[in-house]
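Trainee: predicted model, plus sequence, below.
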Amino acid sequence: MAACLLLVGGPIGCSNQVAISTASSDSTNWSIDIPSDLDDLVYDLGSPIKTIELPGRLNEISGLTILDDSLLLAVQDEVGRVYWISTNTGKVVRDAKFGGGGDYEGVEVVGDSVYVLESNGDLFLFVLDDDNWKTLRVKTSLSSSDDTEGLGYDPSSKSLLITQKEGKGDTRYVFRFSLESNALSAGTLLGLSTEDIEEFLEQKSPKGAHYKPAGIAINPIDDKVYIVSSSWRILIKTDRTGVLLGAWSLDDERIRQPEGIAFTKSGIMYISTEGAGRKARVFAFRPTSASPTAE
């Protein structure tokens, strides 16, 4: 499954440029409760430790990743820009153009490189803080019929993880894009269906709701795969073979349309939600060994 690299446009334009330090400066000093047995690691979904209300231009926030404990990087559906969000103030401190209009769904940072995922499976690549930023468009064998949404990074395989929101049948797959071969890896990382999750929970999904993964990330604390689903609003945890290890409902009023998920090195979990008629928000949750709750 080869990929094709195309140069898109010239230098990237930036606005509100400020000097950004990538050193950790999390002024909140959140206490972290990491259980000795990582199989017991969960998140208290009913009690976010921070809520960031986003400006109107990010009402369609569609992807989220971590720069460091004080900065998030986000994209939104329709505009080819990335946004730096301060976790301390909640403000957008910088934004940069990487492309034109499109349907951008995920963002991930690997080293100095930023990857943005479009819903047709294309990847956009540029380098952070390069004075002459240029964007490379990477064509994969995925297509708009896959409606790719989530983008994460697996350091163990040096691969980007791409979630499929649509497809044949009820199973949705996670694909691996190798950064060494610059191509989709053979096979898939894992596949899950609405029925798989219903059997795990021993309950049916809400009427009309299906498992439609919108965001994916690997938690550096327990090295497990975490996925948020937008239609059936749930957070799931699996191992790398797709064995379900946990599934939790997300607060429908608080997280109206989950779209992105990311983890800091210390295990703080961020989940972004589109506005869906209200303000878009990002919520931070701390890990715990207690049973998670959702108000």
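Mentor: Yep, it's here.
Trainee: check whether Lys97 really touches Gly80, as I assumed.
Mentor: Yes - at 6.1 Å, Lys97 and Gly80 qualify as touching, with contact defined as Cβ atoms under 8 Å. The C-beta positions use only the backbone N, C-alpha and C, and glycine is treated the same way.
Trainee: could you pull out the strands for the stretch 151-295 of the chain?
Mentor: Remark: strands assigned in the stretch 151-295 of the chain by DSSP state E, counting those that start in this stretch are 159-164, 172-178, 183-184, 190-192, 213-218, 225-229, 234-238, 244-249, 258-263, 269-273, 281-285, 287-288.
Trainee: between those strands, which one is nearest to Leu38?
Mentor: Among the strands of the stretch 151-295 of the chain, strand 287-288 comes nearest to Leu38, with 9.6 Å by Cβ to Cβ.
Trainee: residues in contact with stretch 239-251?
Mentor: 39, 42-43, 45-46, 154, 189-192, 196-197, 200-201, 224-225, 228, 233-238, 258, 271, 292, 294-295 (Cβ atoms under 8 Å, 6 or more residues apart in numbering).
Trainee: buried ones in it, by neighbour count?
Mentor: Arg240, Gly242, Leu244, Gly246, Ala247, Trp248, Ser249, Leu250, Asp251 (16 or more other Cβ atoms under 10 Å).
Trainee: can you check stretch 66-84 too?
Mentor: Neighbour counts over stretch 66-84 (16+ other Cβ under 10 Å) mark 66-77, 79-84 as buried.
Trainee: go on, stretch 151-169?
Mentor: So stretch 151-169, judged by 16+ other Cβ under 10 Å, has buried residues Leu151, Gly152, Tyr153, Asp154, Ser159, Leu160, Leu161, Ile162, Thr163, Gln164, Lys165.
Trainee: Val225 versus the residue lying closest to Val127 once chain neighbours are set aside, what's the distance?
Mentor: Spatial nearest neighbour of Val127, chain neighbours left out: Asp112 (5.3 Å); criterion: Cβ to Cβ, 6 or more residues apart in numbering. Plainly put, Asp112 is 25 Å away from Val225 if you go by Cβ to Cβ, to the nearest Å.
Trainee: between the two, who's got more neighbours?
Mentor: Val225 (24 against 11; other Cβ atoms under 10 Å).
Trainee: ok, that one - contacts?
Mentor: Applying Cβ under 8 Å, 6+ apart to Val225 gives the contacts Gly152, Leu161, Val174, Leu189, Leu190, Ile216, Ala217, Ile218, Lys237, Thr238, Asp239, Arg240.
Trainee: now the residues you listed in CSV, with distance to Asn120 and pLDDT?
Mentor: Shown next, in CSV, are the contacts of Val225 (distance: Cβ to Cβ, whole Å; pLDDT from 0 to 100):
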residue, distance to Asn120, pLDDT
Gly152, 18, 98
Leu161, 17, 97
Val174, 17, 96
Leu189, 20, 87
Leu190, 22, 93
Ile216, 18, 98
Ala217, 22, 98
Ile218, 24, 97
Lys237, 28, 96
Thr238, 25, 95
Asp239, 29, 92
Arg240, 26, 87
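Trainee: now, among those, which is nearest to Val282?
Mentor: Ala217 (13.5 Å).
Trainee: one step back: surely the residue nearest to Val127 meets Phe126?
Mentor: No - at 9.7 Å, Asp112 does not count as touching Phe126 under the criterion of Cβ under 8 Å.
Trainee: just to revisit the earlier point, now the contacts of stretch 239-251: which count as buried?
Mentor: Applying 16+ other Cβ under 10 Å to those flags 42-43, 45, 154, 189-190, 192, 196-197, 200-201, 224-225, 228, 233-238, 258, 271, 292, 294 as buried.
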